[in-house]
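*Asks:* fold the following for me, if possible:
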Amino acid sequence: MVTGDSSPGLGSLPVNSADLLSFMERELAVLEEAQGGVDKEAREKLEQLRQQILALSEASQRQQVGQGGAAPVDELEVARKLDSVEAKLQSLEAELSSTDEATQALLTRGTAVWLSQQNK
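*Replies:* Numbers count the residues shown, from 1 in each chain. Below you'll find the predicted structure:
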């Protein structure tokens, strides 16, 4: 029995197939070390999984090329970026709300001019 917990917490689980495979390989290595030998069955299953993921990835790429080749969207990355932008906007709003009325009026006029130029 292993006394130390080498496994990461649930918050750090991988989110894509390459990370998942790396994670599983590391965990299998820890398991094998604890058992004192190679787990041949687990290694075979991991290799089968790797081959299936590779086949799915290749099929997905072929399908994308057939449909115009649009790049895949990583929804988690998009969500992280949106959260980051939202936090920055909230910070900016907090800073602007603490400025005096003259500064706010100047920023409002400047923004209106900038937006009118962008729409041309």
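
*Asks:* on contacts alone, who are the packing partners of the helix or strand Phe23 falls within?
*Replies:* When secondary structure is defined by DSSP states H and E, Phe23 falls within helix 17-35. The contact analysis (3 or more C-beta pairs under 8 Å, 6 or more residues apart in numbering; DSSP states H and E) places helix 17-35 against helix 40-66. All C-beta spots, glycine's among them, are computed from the backbone N, C-alpha and C.

*Asks:* Ala42 contacts Leu31, doesn't it?
*Replies:* Yes. Between Ala42 and Leu31 a contact is recorded at 7.3 Å, counting by C-beta atoms under 8 Å.

*Asks:* circling back to that earlier point, extract the C-alpha set from the helix holding Phe23 and format it as PDB.
*Replies:* C-alpha atoms of helix 17-35 as PDB (Å, rounded to 0.1, in the frame of the first residue of the first chain):
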ATOM      1  CA  SER A  17      -6.700  13.600 -24.700                       C
ATOM      2  CA  ALA A  18      -3.000  14.200 -24.700                       C
ATOM      3  CA  ASP A  19      -3.100  15.400 -21.100                       C
ATOM      4  CA  LEU A  20      -5.300  12.600 -20.200                       C
ATOM      5  CA  LEU A  21      -3.000  10.000 -21.600                       C
ATOM      6  CA  SER A  22       0.000  11.600 -19.900                       C
ATOM      7  CA  PHE A  23      -1.900  11.700 -16.600                       C
ATOM      8  CA  MET A  24      -2.800   8.000 -17.000                       C
ATOM      9  CA  GLU A  25       0.800   7.000 -17.800                       C
ATOM     10  CA  ARG A  26       2.100   8.800 -14.700                       C
ATOM     11  CA  GLU A  27      -0.600   7.200 -12.500                       C
ATOM     12  CA  LEU A  28       0.200   3.800 -14.000                       C
ATOM     13  CA  ALA A  29       3.900   4.300 -13.300                       C
ATOM     14  CA  VAL A  30       3.000   5.100  -9.600                       C
ATOM     15  CA  LEU A  31       0.800   2.000  -9.400                       C
ATOM     16  CA  GLU A  32       3.500  -0.200 -10.900                       C
ATOM     17  CA  GLU A  33       6.100   1.200  -8.600                       C
ATOM     18  CA  ALA A  34       3.800   0.400  -5.600                       C
ATOM     19  CA  GLN A  35       3.200  -3.100  -6.900                       C
END
